[in-house]
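S.K.: Next comes the sequence, and after it the predicted model I'd like to discuss.
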Amino acid sequence: MVSTAVVFAGLYSCYRFMPSVHSIFVNNPADTAQVMGQVAADSGRSVASHKEFIGFIVFCIFAAMISLQVFIFGITIIITKGIMKQAGNAAAKLKRLDNAGIFFDLPLYSGLFGTVASFMVISFSRESSLLIAYSTTLIGIVSSVFLHVALLYPAKRKLLSENNN
């Protein structure tokens with residue numbers, strides 16, 4: 001979906017051109033005495049270069065999880081609207097909605113996937129990895145609840161009222 005690419009591009013622009021966003025992902029500690037001997041500042045072996053690389057990986061995990069949430073959100077809306085527009089009685093549509101219930105829980109699962117992916121890089125960047133782990137879980141929970149409350153509940157309520165008439 002185009003919206004997923006737009007979200008990823010927007011997040012990347014924020015990461016690249018906004019120092020406050022960049023600093024969330026790239027930790028710059030005061031002590032950089034982790035490198036033995038003299039290393040040129042622009043060397044790929046410098047601490048700053050290493051932290052920039054790890055920060056970019058953590059950012060990519062975060063941006064991928066947000067983009068995945070947008071994609072799931074769009075797919076769930078398309079599937080729900082498709083079920084509601086299909087021909088057939090309300091009881092059959094209710095069964096189709098129950099069958100499509102996995103799509104309303106996918107944000108939870110993708111949020112947990114983001115948490116696990118963030119924990120995989122925690123040894124390289126503890127603070128930003130924890131932030132991403134917590135935020136992807138929270139976004140997954142909020143997205144799932146929003147889909148249930150704003151999309152699934154009204155659709156089922158409408159179908160139940162049609163079924164009773």
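M.R.: Noted; the coordinates are in hand.
S.K.: where do the strands sit along the protein?
M.R.: For the chain, strands defined by DSSP state E do not occur.
S.K.: Next, work out how far apart residue 137 and residue 73 are.
M.R.: Using Cβ to Cβ, to the nearest Å, residue 137 is found at 16 Å from residue 73. Any C-beta I mention is one placed from the backbone N, CA and C, and that applies to glycine too.
S.K.: right, I mislabeled it, should have said residue 84
M.R.: In terms of Cβ to Cβ, residue 84 sits 17 Å off from residue 73.
S.K.: Looking at those two now, which is surrounded by more residues?
M.R.: The neighbour count for residue 84 versus residue 73, taken as other Cβ atoms under 10 Å, is higher for residue 73 (21 against 14).
S.K.: Can you get me a residue count around the nearest residue to the more buried one once chain neighbours are set aside?
M.R.: Computed as Cβ to Cβ, 6 or more residues apart in numbering, the closest residue to residue 73 that is not its neighbour in sequence is residue 143, at 6.3 Å. Neighbour count for residue 143, taken as other Cβ under 10 Å: 22.
S.K.: what sits against residue 143?
M.R.: Going by Cβ atoms under 8 Å, 6 or more residues apart in numbering, residue 143 touches 69, 72, 73, 107, 111.
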